[in-house]
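Colleague: Please find the sequence and the predicted model below.
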Amino acid sequence: MGRSTMPVRNNGDSDLCLFIEPLGEDFWLKPGEAFIVGARCDGMDVWFDATLWKGGISVWLYEDGNPTKVVLDYAVVDANGKQLDCGHQRPADDRWSPAGPVMH
C-alpha cells in the first residue's frame with residue numbers, strides 16, 4: 001500500500017461496517033479493531049470521502065481528489081498487515097441483508 005491510506009478504528013461497543021464504494025464491499029470491525037484502506041498502487045495520491053451512518057462508514061477512494069477517477073484497485077488490511085476479503089467478519093444474524101446493514 002502507498003502512503004495515501006485511511007485508518008478506520010472502531011471505538012464503539014458493537015460491530016462496525018466499513019463499506020467500500022462503488023463496489024459495495026463490506027468489512028466488519030469488532031470493538032477495538034482498526035483497519036487501513038488504501039490503493040494498491042504505490043505513489044498514487046488518493047483522497048477519501050467518508051460518510052458515517054448508524055452502524056457503519058461508507059468510503060469512496062478518488063485519485064488526486066477527482067470524483068471522476070474512482071480507485072477500484074484498493075486493499076483493506078488489518079493491524080497485522082493482512083489483506084482482508086470482502087465480507088470479513090460479516091454478522092451471520094439478521095443484521096445484514098443484500099441491501100445493506102439492517103439496524104434494529
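Modeller: Done, it's in.
Colleague: what's the weakest-modelled helix or strand in this structure?
Modeller: strand 96-97 (a mean of 54; mean pLDDT, DSSP states H and E).
Colleague: Need the pLDDT of the residue nearest the centre of the chain.
Modeller: For the chain, the residue nearest the mean C-alpha position is Leu18 (3.9 Å; Cα atoms, centre = their mean). On pLDDT, Leu18 comes in at 97.
Colleague: what's the answer for Val102, then?
Modeller: According to the predicted model, the pLDDT of Val102 comes to 56.
Colleague: likewise Ser58?
Modeller: pLDDT, Ser58: 97.
Colleague: same question, Glu33
Modeller: Looking at Glu33, its pLDDT is 97.
Colleague: ok, it touching Ala79?
Modeller: Yes - proximity of Glu33 to Ala79 meets the contact threshold set by Cβ atoms under 8 Å, at 7.2 Å. Any C-beta I mention is one placed from the backbone N, CA and C, and that applies to glycine too.
Colleague: Among those two, which residue is more densely surrounded?
Modeller: The neighbour comparison of Glu33 against Ala79 (other Cβ atoms under 10 Å) goes to Glu33, with 18 against 12.
Colleague: Now the more buried one. Nearest residue, chain neighbours left out?
Modeller: In this structure, Glu33 finds its nearest non-sequential neighbour in Asn10, 5.4 Å apart by Cβ to Cβ, 6 or more residues apart in numbering.
Colleague: pretty sure that neighbour is touching Phe27, no?
Modeller: No - Asn10 is not in contact with Phe27 according to Cβ under 8 Å; the separation is 10.8 Å.
Colleague: thinking again about what came up before, count of neighbours near the residue nearest to Glu33?
Modeller: 20.
Colleague: Distance of it relative to Pro67?
Modeller: According to Cβ to Cβ, to the nearest Å, Asn10 and Pro67 sit 27 Å apart.
Colleague: pLDDT weak spots in this structure?
Modeller: Across the chain, the ranges flagged by pLDDT under 70 are 1-3, 94-104.
Colleague: can you give me the strands for this protein?
Modeller: Assigned by DSSP state E, the strands in the chain fall at 5-9, 16-20, 25-29, 34-39, 46-53, 56-63, 74-77, 96-97, 100-101.
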